[in-house]
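Engineer: Please work out how this folds:
(chains A and B)
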Number of protein chains: 2
Amino acid sequence: MTDEEKIDALKSALPDGAWTQDEDIIEPHLTEWRDKYFGKTPLMLTPRTTEECSQAVKICAKHKIAIMPQGGNTGLVGGNTPQGEVLISLKKMTKIREINPTSNNMIVEAGAILQNVLDAANEANRKFPMTLSSQGSCTVGGVLSTNAGGNHVLKYGTTKELVFGVEAVLPNGDIFNGLTNLRKDNTGYDLNRLFLGAEGTLGIITAASLKLYPKPAYVQRALIGLDSVATAVSLLEDFRAGGRLAMFEVMPSIGYRAVVDNFDAVRDPFESEYDWYLLCDWEVDSEEEGAALAESILGKAFEAEKVLDAVIAQNETQAEEILSIREHMSAGQKFLGGSVKHDITVPIDKIPEFFKLADAKCQEVAPGCRPVGFGHFGDGNIHYNVAQPKDADKKTFLEKWDDLSQPIFDIIDELGGSISAEHGIGIMKREDLAERADPTKIWLLKSIKNAIDPDRIMNPRVMI
Amino acid sequence: MTDEEKIDALKSALPDGAWTQDEDIIEPHLTEWRDKYFGKTPLMLTPRTTEECSQAVKICAKHKIAIMPQGGNTGLVGGNTPQGEVLISLKKMTKIREINPTSNNMIVEAGAILQNVLDAANEANRKFPMTLSSQGSCTVGGVLSTNAGGNHVLKYGTTKELVFGVEAVLPNGDIFNGLTNLRKDNTGYDLNRLFLGAEGTLGIITAASLKLYPKPAYVQRALIGLDSVATAVSLLEDFRAGGRLAMFEVMPSIGYRAVVDNFDAVRDPFESEYDWYLLCDWEVDSEEEGAALAESILGKAFEAEKVLDAVIAQNETQAEEILSIREHMSAGQKFLGGSVKHDITVPIDKIPEFFKLADAKCQEVAPGCRPVGFGHFGDGNIHYNVAQPKDADKKTFLEKWDDLSQPIFDIIDELGGSISAEHGIGIMKREDLAERADPTKIWLLKSIKNAIDPDRIMNPRVMI
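Structural biologist: Here you go, the predicted model:
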């Protein structure tokens, strides 16, 4: 059977509406927003139910047709751009199947947009604690498959920790049903977990049972001016005491200025400039409690001469203005020219050391370059993006991507960190994983992949 | 090579002190405290380091010698009693290798007694949120391998959720090192999770990186008298609002009375008797906040006529007295004669329905029997122990174990629950798992087992 005959067999076995070859419909699924990857596919499947998805995968399995699943197409590591694989878009599976406030869970289909899930939880007087800048377009299936992070990991954990279980179509087309709401179920290995962060290499997540949390009565936000990254880290202990801290985001001056100086919609609440900025949320029971807590915590930090200036949000508008700076950090970097980007983690107490080593290494490799390291420092997660030297040629600078990345990854390895904190491996870091991970880890990853997908039909170019 | 020659080969390859055949030393490792399982072993390995453990397993792998790992020998499903396997006791690996308050983690060896871990965390001004009645003798390795639960799951999750990663010796003897303290690491499948709750079937956990939490400033405890289990469940929503609820334990009159009437050390704080009792903890910032919170929550419940009586602990002594009733629940049941025990979960909103169906079924199978369903209702976890009819013959009653269990498991399956909430599968529920689980789940479990332990040397009679 030729490849074309296989695709024909697949098409003819599926009902109308469950696939398309319309180029106009397919085209937006073949590129991604950073314009880093461009793809091609012979066919896009658009199953409307889990059964349709299962039926399609069974035929793919029979003919050994490679598949790439796709959610909202907001991935950042090339794991969502097909290069000849049949594309399965989950965009037609968007139902919120069930919300159970007693068990604190909701069952949603993989194609549901995150924002819709957040809204549905909110209407049920619950919080699904995930905020991503892509929440208006990313989908539950994609978020789960990449184990996305975001600003709330500090308090609630990564996506993995927000899931009771999944429904997934396995590489052989069988349906695994883990859609439980049980907080306790000790009947075998944690199969649900295997699919979370697997980047579609072990099966296609078609639905998930998500954990819901009580809505905090009030969120107290503050923005703080600091002298150094070491000071920021040293504040974590006092700031998180009592367990109310829900956000601890750090930004360096260069990134902060690129935002407040360039976007009309964003305002700098400070009159002076500082080397570093820290944005915090505390989830509390009332506005009064929030004000008292922020004043007490910040008062102590002022006394210890750790804080140079601080703005305590007095109302929701002010709170949103502050968050808006953080949310523009990625977009703001385009004003600095080209950037070599890293999404990495180090143990929290090694963050200052990381900056010392990495900043020095950057100057060695690309003198004059401007590192912008910002992000979720409360989780040890740094988006360490290295902007080109002022007035340098963007293209020439970006050719140094590997020259910059590899020594930075060396530093990460030395400090016991991770070369992918929240974006995943995809195509982008596949070789790095293979080269840098412990051989025993690689053996385990491969053994599991081979056991569940022996013919390598599920996202075969990705991760492992 | 005969079996005996294989054991000789194993012994001669290991250093002195890393094994024993002394019957007096081995004997306590061959029975367990409920006297349900009695075992035998040709040799007990007692590695002192991960390397010694790895070395031993490599020889076992070479000769295909079956191994059973053992922690504190407090398991409840027969997964820790060897029947001819070489026993590996982790009891000599007890080190607390590292405590890192910034990353909020501690690295401990598998043989460390849970109580010592709790104490060490406490000394570092942190909380490791696990309380088990066996904490004075159970070990970290056993707790992780069985994914133990306990009273704090409601707020902090089961053991799985309290672990950053593990170090484990694989069935081929290689060492997997997942001893991270990174909250974010998206570099492949969640391998660490695979070992948690795997009951030693995929390898031997030799150490773990545990998550630490802030110590709550104050714990407010209350004991409440209720009319029904439905009322208890209906209180959960208000009681957990604000996210402070850390314990929600329910006890029926019969179990409660068996404790307070029979143990001198335990006192009933109530003057009247109630059909059901609810024990709650709220973790708060101060004693004043605790008192105010309990009064407000209970006041509302009194007004709604859901609560018949309540004792709000005024000091630590009173708080301990109240908890002591709950802690004696298992021991108290011996005063009711023989019991057929179940450790099950149902979705929280189905708890009342479960009791209705299960209680009726019990009377059908064993008229006059006395169900004692107590435990972690805030997690849907019921220890549904069925005591013999008064004055019946214990042995004759216990012969009905399966006659009672199977229809109860049928009810669990119907309600979407789990036949093992926190004790695991072991030997006891192995057939039940095989018969009741979805074939796709069984296929996944077996595929993983075969991939990682193709010769089935790791705890081969257990789980799958």
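Engineer: which stretches of chain A have low pLDDT?
Structural biologist: Across chain A, nothing is flagged by pLDDT under 70.
Engineer: Just give me the longest helix of it.
Structural biologist: helix A:287-303 (DSSP state H).
Engineer: That one to helix B:287-303, inter-axis angle?
Structural biologist: 170 degrees (axes from the mean of the first three to the mean of the last three C-alpha atoms, to 10 degrees).
Engineer: Helix A:287-303: which residues count as buried?
Structural biologist: A:289-291, A:293-294, A:297-298, A:301 (16 or more other C-beta atoms under 10 Å in any protein chain shown). C-beta coordinates here come from the backbone N, C-alpha and C atoms, glycine included.
Engineer: What is it packed up against?
Structural biologist: Packing contacts for helix A:287-303, counted by 3 or more C-beta pairs under 8 Å, 6 or more residues apart in numbering or on different chains; DSSP states H and E, involve strand A:218-226, helix A:229-240, strand A:276-284, strand A:309-312.
Engineer: Residue B:349 is in contact with residue A:100, correct?
Structural biologist: Yes - using C-beta atoms under 8 Å, residue A:100 makes contact with residue B:349 at a distance of 6.8 Å.
Engineer: Can you tell me the number of residues neighbouring the residue nearest to residue A:28 when sequence neighbours are not counted?
Structural biologist: Closest residue to residue A:28 apart from its sequence neighbours, by C-beta to C-beta, 6 or more residues apart in numbering or on different chains: residue A:73 at 7.4 Å. Applying other C-beta atoms under 10 Å in any protein chain shown, we find 21 residues neighbouring residue A:73.
Engineer: any idea how far residue A:34 is from residue A:73?
Structural biologist: 11 Å (C-beta to C-beta, to the nearest Å).
Engineer: Next, show the common contact partners of these two.
Structural biologist: Overlap of the contact sets of residue A:73 and residue A:34 (by C-beta atoms under 8 Å, 6 or more residues apart in numbering or on different chains) is empty.
Engineer: Stretch A:128-143 and chain B in contact?
Structural biologist: No - counting by C-beta under 8 Å from any C-beta of the partner chain, chain B has no neighbours in stretch A:128-143; the shortest distance is 11.2 Å.
Engineer: Now that stretch: buried residues?
Structural biologist: So stretch A:128-143, judged by 16+ other C-beta under 10 Å, has buried residues A:128-130, A:132-135, A:137-143.
Engineer: same question, stretch A:68-85
Structural biologist: A:68-82, A:85.
Engineer: three-state assignment of the residue nearest the centre of chain A?
Structural biologist: Compute the mean C-alpha point of chain A, and by C-alpha atoms, centre = their mean the closest residue is residue A:148, 3.1 Å away. Here residue A:148 is coil, with the state taken from DSSP: H, G, I helix; E, B strand; the rest coil.
Engineer: count of neighbours near the residue nearest to it when sequence neighbours are not counted?
Structural biologist: Excluding the flanking residues, the one nearest residue A:148 by C-beta to C-beta, 6+ apart is residue A:159, at 5.2 Å. Other residues near residue A:159 come to 25 when the count uses other C-beta under 10 Å.
Engineer: what sits against residue A:159?
Structural biologist: A:130, A:143-144, A:146-149, A:196-197.
Engineer: ok, now with 6 Å
Structural biologist: By C-beta atoms under 6 Å, 6 or more residues apart in numbering or on different chains, the residues touching residue A:159 are A:143-144, A:147-148.
Engineer: Check residue A:60 too.
Structural biologist: A:67, A:457.
Engineer: what helix or strand is it on?
Structural biologist: Applying DSSP states H and E as the criterion places residue A:60 in helix A:50-63.
Engineer: What residues sit buried inside that helix?
Structural biologist: Neighbour count says helix A:50-63 has A:50, A:52-57, A:59-61 buried, by 16+ other C-beta under 10 Å.
Engineer: Then stretch A:260-269?
Structural biologist: A:260, A:266, A:268.
Engineer: Excluding chain neighbours, what is closest to the first one?
Structural biologist: Of all residues beyond its chain neighbours, the one nearest residue A:260 is residue A:268 (4.0 Å), with distances taken as C-beta to C-beta, 6+ apart.
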